[in-house]
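Peer 1: Any chance you could fold what I've pasted below:
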Amino acid sequence: MEHLNEIEILLVEDNPNDAELTIRALKKNNLANNIIHVTDGEEALSLIHNCLKNNVSHSLPKIILLDLKLPKVDGLEVLKELKSNDKTKVIPVIMLTSSKEERDIIESYKLGVNSYITKPVDFDQFVEAIKNFGLYWLLLNQSPII
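Peer 2: Modelled structure (predicted):
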């Protein structure tokens, strides 16, 4: 795990191809400053808990891109834990997944996800989706300082 220092984006994605595409799309749109990539929900929660335990909440991510289907701890469990903690519930969490299942969408919103984006199959559409979400969540959206 990389050393934490002003994380802007925490990408939680177990598929190396999807992670690479996401990072490439962020870089293409100049939105990839200080991105940390982890491959499972357990690692994501560990990173967050370390920030909280070491009292470095300024190092918490500004935004979390979370896959739904993850090894060890799935995306819904990660989301549930994040949104149940007063110090992390204000972090915008965007579910970035291939699932179009209505039950996954409903459950994500019930647990407090800020946005649910289905990964487009086409690379150009994927880059455009990442650009649009990035411009909004990283540049336009006003988040509280935690």
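
Peer 1: can you pull out the helices in this protein?
Peer 2: Assigned helices in the chain, in chain order: 16-28, 41-53, 75-83, 102-110, 123-134 (criterion: DSSP state H).

Peer 1: For residue 76, see how far away the nearest residue to residue 104 once chain neighbours are set aside is.
Peer 2: Nearest residue to residue 104 in three dimensions, chain neighbours excluded: residue 68, at 5.8 Å (C-beta to C-beta, 6 or more residues apart in numbering). For the C-beta atoms, the positions are set from N, CA and C on the backbone; glycine is no exception. For residue 68, the distance to residue 76 (C-beta to C-beta, to the nearest Å) stands at 7 Å.

Peer 1: likewise residue 118?
Peer 2: Here the criterion is C-beta to C-beta. By it, residue 118 lies 16 Å from residue 76.

Peer 1: and what of residue 103?
Peer 2: Distance, residue 103 to residue 76, using C-beta to C-beta: 10 Å.

Peer 1: More neighbours: these two, which one.
Peer 2: Between residue 103 and residue 76, counted using other C-beta atoms under 10 Å, residue 76 has the larger neighbour count: 20 against 8.

Peer 1: so what's the more buried one up against?
Peer 2: Contacts here follow C-beta atoms under 8 Å, 6 or more residues apart in numbering; on that basis residue 76 touches 68, 104, 107, 108, 111.

Peer 1: Isn't the first one up against residue 94?
Peer 2: Translated: residue 68. No - Residue 68 lies out of contact with residue 94 (C-beta atoms under 8 Å); the separation is 11.4 Å.

Peer 1: list residues touching both of the two?
Peer 2: Taking C-beta under 8 Å, 6+ apart as the contact criterion, residue 68 and residue 94 have no common neighbours.

Peer 1: contacting residues around the residue nearest to residue 104?
Peer 2: Taking C-beta under 8 Å, 6+ apart, we find residue 68 in contact with 74, 75, 76, 95, 97, 99, 104, 108.

Peer 1: which of these has the most neighbours?
Peer 2: When neighbours are counted by other C-beta under 10 Å, residue 75 leads the contacts of residue 68 with 28 neighbours.

Peer 1: Retrieve the pLDDT associated with the spatially most central residue of the chain.
Peer 2: Nearest to the centroid of the C-alpha atoms of the chain, with distances taken as C-alpha atoms, centre = their mean, sits residue 65, at 1.7 Å. pLDDT recorded at residue 65 is 95.
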